[in-house]
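J.: A predicted structure for the sequence below; I have some questions about it.
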Amino acid sequence: MRPDNCGETPILTASCLGHEHIVQHLITREDLISKEDEINALELLGSTFAEKKQETAMKYWKLAMHKRCMHIIPIEQDDSQTHFNQFFKEAITPPQLEIIQGNRAAIDKHSLLVKMRVLGLAHCTTIEAIRNKGEEFAAKGQLKQCIVLWMYTLKVHQRILDVLNPKRFSFLMSLTNLFFNRVIKLPLPSNILLYFEDVMNLFENCTQEINVGISRPHRNPGVNKTLDFYYVDRIIPVAMHLMLLLTKLKPILSPVKLQRVNDAVRKLVELNPLDAKGVSLMHFACATVVFCRAEEAAIFPFPSLEVLNLLLEAGANPSPRDCSGNTPLHVLGKLRKVPGDMLEALLAAGAHLDMKNDRGHSFESLRASQGQELCQLVNPVRHTSLQCLAATTIRRRSVPYKGVLDKQLERFVDFH
């Protein structure tokens, strides 16, 4: 009866697969199976039959309940999760079990809770059942139940699973997609504030995930690329889309809620998460990023002025450089059409028009390659300082400056 790597014993495997004859045989072996393991196996067997054979499911659940009462082995429940228990509560006494008989919805929930308790929330069978049940809730318009179920699963996964485990990321992405595709619509629904707490919790969870991820010492571009799925690289776009959702809610938030949003974004900005190519939050805000899709198209596509302003208000650097030396201005310069309001926002925050990437391209040269003059977008004189002109002249005339200027000024000249 030795458990496998997932903690599943042979009798639980038989229960999961609905092999009644094997379960019936093993529970007669008192030298191998304890009473608690026997009861758990019978309950799990009932859950396996719950979808298609409700009478068989109830038979095994009642048998297991009888054995629990006879041997005084109660079901331990966590009553601290009041929000979760509001929608999901397992029948733990014979009368409660009688009440759910014939109730399709109640039987489905009971079956799911038995799998969660017996197999654990990290087991593949449980995860599939949780995902399917959540999608069923969402399809019926019972969004709150789907959110509560998936959020509870995410929090447990973050507590018991390693940060690189894809199961953690999976529910982060699923919840983000749920908010985009079914909850947040334009125009905003009247009950949208009911979901503010959920979006905020998810964003804060995402920040926590990033914080743990970037603190791992082995995170570097040289790691096997098959592990990229588990890295912060995949979580940053999720955080960006959640931030985008929050910007849509900002106009209707109270000052207290607005302050909470600003504090949460500031915390993420202070972490300064970068993907494997050195791409920052500011780069993502200016890029064409499509991560969450509805049935036909992305609901809120990037680039986003609202997210850019939110990051700048939180103290984000307007000119971070990725591994290729590109700044957010370079990202905008590569777009087919440059959003003028985003360009003005970056320049007002202190971005430099004449900063060059590692290939020697500036925002101006990138637009020129697409047949657009800089003066068509912005008045360059307003955004060119004497310091920039001096740095450009030093580089153009090949004036020696290494070891002559202060290190900070050296880096400034390098950028030009």
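T.: Arrived safely, thanks for sending.
J.: so where is the stretch 101-250 of the chain shaky, pLDDT-wise?
T.: The model of the stretch 101-250 of the chain has pLDDT under 70 over residues 184-191, 216-231.
J.: one more time with 80, if that's ok
T.: The model of the stretch 101-250 of the chain has pLDDT under 80 over residues 162-165, 180-194, 213, 215-232.
J.: look at Asn272 and say how many residues are nearby.
T.: 13 (other CB atoms under 10 Å). For the C-beta atoms, the positions are set from N, CA and C on the backbone; glycine is no exception.
J.: err, Cys375, not the other one
T.: Cys375 has 10 neighbours, counted by other CB under 10 Å.
J.: which positions within the helix or strand hosting Val212 qualify as buried?
T.: Val212 belongs to helix 196-214 when assigned by DSSP states H and E. Residues of helix 196-214 classed as buried: 196, 198-200, 202-207, 209-211, 213-214 (neighbour count, 16 or more other CB atoms under 10 Å).
J.: ok, now stretch 89-107?
T.: Those would be 90-91, 97, 100, 107, for stretch 89-107 by 16+ other CB under 10 Å.
J.: check stretch 127-144 too.
T.: 127, 129-131, 133-134, 137-138, 142-144.
J.: checking my notes, Ile92 in a strand, right?
T.: No. Counting by DSSP: H, G, I helix; E, B strand; the rest coil, Ile92 is not found in a strand; it is coil.
J.: now it, nearest residue through space, not along the chain?
T.: Excluding the flanking residues, the one nearest Ile92 by CB to CB, 6 or more residues apart in numbering is Ile75, at 4.4 Å.
J.: before we move on, what about Leu32?
T.: In this structure, Leu32 finds its nearest non-sequential neighbour in Met1, 5.3 Å apart by CB to CB, 6+ apart.
J.: repeat that for Arg168.
T.: Arg168's closest residue in space is His157 (CB to CB, 6+ apart), at 4.7 Å.
J.: may I have the secondary structure class of the one you found?
T.: Using three-state DSSP, the structure places His157 in helix.
J.: likewise for Gly278?
T.: Under three-state DSSP, Gly278 falls in the coil class.
J.: correct me if wrong: it contacts Cys323.
T.: Yes. Gly278 is in contact with Cys323 according to CB atoms under 8 Å; the separation is 3.9 Å.
J.: picking up where we left off before, alpha carbons only: can I get the helix holding Val212 in PDB?
T.: This file holds the C-alpha atoms of helix 196-214, laid out as PDB (Å, rounded to 0.1, in the frame of the first residue of the first chain):
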ATOM      1  CA  PHE A 196     -13.200  44.600  -7.100                       C
ATOM      2  CA  GLU A 197     -12.000  42.600  -4.100                       C
ATOM      3  CA  ASP A 198     -11.500  39.500  -6.300                       C
ATOM      4  CA  VAL A 199      -9.400  41.400  -8.900                       C
ATOM      5  CA  MET A 200      -7.300  43.000  -6.100                       C
ATOM      6  CA  ASN A 201      -6.700  39.700  -4.400                       C
ATOM      7  CA  LEU A 202      -5.700  38.200  -7.600                       C
ATOM      8  CA  PHE A 203      -3.300  41.000  -8.400                       C
ATOM      9  CA  GLU A 204      -1.800  40.800  -5.000                       C
ATOM     10  CA  ASN A 205      -1.400  37.100  -5.400                       C
ATOM     11  CA  CYS A 206       0.300  37.700  -8.700                       C
ATOM     12  CA  THR A 207       2.700  40.200  -7.100                       C
ATOM     13  CA  GLN A 208       3.500  37.600  -4.400                       C
ATOM     14  CA  GLU A 209       4.200  35.000  -7.000                       C
ATOM     15  CA  ILE A 210       6.500  37.400  -8.800                       C
ATOM     16  CA  ASN A 211       8.300  38.300  -5.600                       C
ATOM     17  CA  VAL A 212       9.000  34.700  -4.800                       C
ATOM     18  CA  GLY A 213      10.000  33.900  -8.400                       C
ATOM     19  CA  ILE A 214      12.600  36.700  -8.800                       C
END
